[in-house]
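Q: Model the structure of this input:
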Amino acid sequence: MLVDPDCCPPQVAERSAPRPGETVKDCKLLVVHDDDDLRGALVELLTSEGFPVEDANNGHAALEKMKAGYKPDVILSDLLMPVMDGFELNRQLKRHETWSSIPLIVSTGLDLGADHLTDIEAILQLPFDTETLLARVKSACGKTAAS
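A: Residues are numbered from 1 along each chain as shown. So this is what the prediction gives:
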């Protein structure tokens, strides 16, 4: 099993089959999460689906990776993390000319409502299942490719 069953539904550990003719290899992802096990499980799942994936353990580390030259097409981030949380990561991305158009998908166990999360591509309410995650990521990748 890829994840701790206490933190996520068992569906996160399931791998969905790639659809015929579907390619995701050109959509680079950055997974930002402070929980090492969950971050590792997400990286493993998304990599098994064909996505090129990098990861960081907080928003500051994600920005440093991007300053060093990594330009993800989509960022999947936890909302509540130490050092720099998803709220501040979103603010920093929107202030940067090159990064402001990168779709940000956030995951949270909090019920914040859409008013608190402006300029967010999608909100994944914990717990979420594999199909929902993959659908949101693929949708965001499609929007990146279209722009």
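Q: alpha carbons only for contacts and neighbour counts from here, please
A: Will do.
Q: need the longest helix for this structure.
A: helix 130-146 (DSSP state H).
Q: Do a quick rundown of the helices in this structure.
A: Under DSSP H, the chain gives helices at 36-48, 59-67, 86-95, 130-146.
Q: which residues of the protein score low on pLDDT?
A: 1-23, 112-118, 144-147 (pLDDT under 70).
Q: go again using 50 as the cut-off
A: 1-22 (pLDDT under 50).
Q: Next, the distance between the ends of stretch 53-68.
A: The first and last residues of stretch 53-68 sit 16 Å apart, counting by CA to CA, to the nearest Å.
Q: residue contacts, the residue nearest the centre of the chain?
A: Centroid-nearest residue in the chain: L76, 1.2 Å away (criterion: CA atoms, centre = their mean). When contacts are counted by CA atoms under 8 Å, 6 or more residues apart in numbering, L76 touches L29, L30, V31, V32, L104, I105, V106, S107.
Q: again, only using 10 Å
A: Counting by CA atoms under 10 Å, 6 or more residues apart in numbering, L76 makes contact with 29-33, 42, 55, 86, 103-107, 121-124, 133, 136-137.
Q: Repeat that for V31.
A: So V31 contacts 39-40, 42-43, 46, 53-59, 62, 72, 74-78, 105-106 (CA under 10 Å, 6+ apart).
Q: let's see 6 Å
A: D55, L76, S77 (CA atoms under 6 Å, 6 or more residues apart in numbering).
Q: again, but for I102
A: D73, V74.
Q: Could you report the distance from it to D37?
A: In terms of CA to CA, I102 sits 25 Å off from D37.
Q: can you check S101 too?
A: 29 Å.
Q: Tell me how far T130 lies from A41.
A: 11 Å.
Q: Next: V137.
A: 15 Å.
Q: do the same with G50
A: G50 is 14 Å from A41, by CA to CA.
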